[in-house]
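Peer 1: Return atomic coordinates for the entry below.
(one chain, ligands or ions: 2)
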Amino acid sequence: MIEEKIKRLKEEMNAVILAHNYQRGEVQRIADFRGDSLELARKAKNLDAEYIVFAGVDFMAETAKILNPDKHVLIPSRAATCEMANYLSAERVREFRRKYPDAAVVLYVNSTAEAKAEADITCTSANAIKVVNSLPNDTVLFGPDSNLASYVQEHTEKRIIPLPPEGRCYVHNSFDPDEIPRDGIVMVHPECPKEIRDLGDVVASTGGMVKFVRNSREKRFIVVTERDMVERLKLEFPDREFVPGWQGATCLGMKKITLEGIYRSLRDKKYEVMVPEEIAKRARRAIERMLEVS
Ligand code: 13P
Ligand code: SF4
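Peer 2: Numbering: from 1, shown residues only. Ligands and ions are numbered 1, 2, ... in the order given. Predicted structure coming up:
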């Protein structure tokens, strides 16, 4: 069985598998650790394995590499990428900085290493409000997700300027408010547009959703984010019921990771994630500052 082969190789190589909550169910089940982007970044910082296999998209694997320059970080598919992260170039960040010289730059971890190198601090959806409120500046350039920027604006006195105004995730923008079931507790990811967030009983990161269910007595939850989040919740809480906000909310980048790909990644030690030290050094400062704040 492929699961057995992965387990054997993993032990031989002193490797660990980290999986994001949007991974296919079978991938989440063989992972050593599952989590949201903040939990996985923290975990990556405190591992003593020689190899980290990252079952997630490229910016997450890059973050793990930046925090672990001496370890081998492998991503099983080069096509596992986040379109929203790729949308914001480092040059665009510099351009906004020139335009707003007194503003701080907060970048969502869903960004390239090059863009992070231009940021004062990074954030995830779990800590965005806390990160923004920790800064001394009254104005904050926040990107690349303009929906998350508008969510943060609802929870801060500071002026939030989305960088760029049109940045957003196609998965979280695919929900139709009339199609979302309402016969349960509705949990919505903050990457969704305001009209969808307003339908939620709770707005939370994927890790926040896990914590919310753990502390709730309710039995049935509607999960308004990438559809395989339901897999993570079922794994954690087999006695509750989870319904995706809609089945079509699929992150194609996340789905590039398969059990077969993980096996090949371990066997052939590929694809090794590399971040030039000149970029990594500056990006690391922004990521570590976030880890200190939250
Ligand atoms: P989380 O940090 O909530 O897991 O979100 C990551 C992500 O890519 C959402 O689309
Ligand atoms: Fe990027 Fe959206 Fe996929 Fe998250 S769900 S990794 S933001 S494309």
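
Peer 1: quick check, residue 96 in a strand?
Peer 2: No - read with DSSP: H, G, I helix; E, B strand; the rest coil, residue 96 is helix and lies in no strand.

Peer 1: Count the neighbours of it for me.
Peer 2: Residue 96: 19 surrounding residues under other Cβ atoms under 10 Å. C-beta here means a position set from N, CA and C on the backbone, and glycine is covered the same way.

Peer 1: which residues touch it?
Peer 2: Neighbouring residues of residue 96 by Cβ atoms under 8 Å, 6 or more residues apart in numbering: 103, 105, 141, 143, 161, 163, 164.

Peer 1: please redo it, this time with the cut-off set to 7 Å
Peer 2: Contact partners of residue 96, counting by Cβ atoms under 7 Å, 6 or more residues apart in numbering, are 141, 163.

Peer 1: Any figure for the gap between it and ligand 2?
Peer 2: 20 Å (Cβ to the nearest ligand atom, to the nearest Å).

Peer 1: ok, that residue to residue 112 distance?
Peer 2: Distance, residue 96 to residue 112, using Cβ to Cβ, to the nearest Å: 15 Å.

Peer 1: Look up the residues forming beta bridges with residue 220.
Peer 2: residue 241 (DSSP bridges).

Peer 1: Now the residue nearest the centre of the chain: closest residue in space, sequence neighbours ignored.
Peer 2: Taking Cα atoms, centre = their mean, the centroid of the chain lies closest to residue 37, which sits 3.8 Å from it. Leaving aside its sequence neighbours, residue 37 sits nearest to residue 124 (Cβ to Cβ, 6 or more residues apart in numbering; 4.6 Å).

Peer 1: Counting by contacts, list what the longest helix seen in the chain packs against.
Peer 2: Identified as the longest helix of the chain according to DSSP state H is helix 277-293. Packed against helix 277-293 by the contact rule (3 or more Cβ pairs under 7 Å, 6 or more residues apart in numbering; DSSP states H and E) you find helix 37-45, helix 58-67, helix 113-116, strand 121-123, helix 128-133.

Peer 1: Dump the ones you listed to JSON lines, plus distance to residue 168.
Peer 2: Output for the helices and strands packed on helix 277-293, formatted as JSON lines (distance: least, Cβ to Cβ, whole Å):
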{"stretch": "helix 37-45", "distance to residue 168": "17"}
{"stretch": "helix 58-67", "distance to residue 168": "16"}
{"stretch": "helix 113-116", "distance to residue 168": "16"}
{"stretch": "strand 121-123", "distance to residue 168": "16"}
{"stretch": "helix 128-133", "distance to residue 168": "15"}
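
Peer 1: Let's have those in JSON lines, adding distance to ligand 1 and mean pLDDT.
Peer 2: Below are those laid out as JSON lines (distance: least, Cβ to the nearest ligand atom, whole Å; pLDDT from 0 to 100):
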{"stretch": "helix 37-45", "distance to ligand 1": "4", "mean pLDDT": "91"}
{"stretch": "helix 58-67", "distance to ligand 1": "8", "mean pLDDT": "96"}
{"stretch": "helix 113-116", "distance to ligand 1": "15", "mean pLDDT": "98"}
{"stretch": "strand 121-123", "distance to ligand 1": "10", "mean pLDDT": "98"}
{"stretch": "helix 128-133", "distance to ligand 1": "10", "mean pLDDT": "98"}
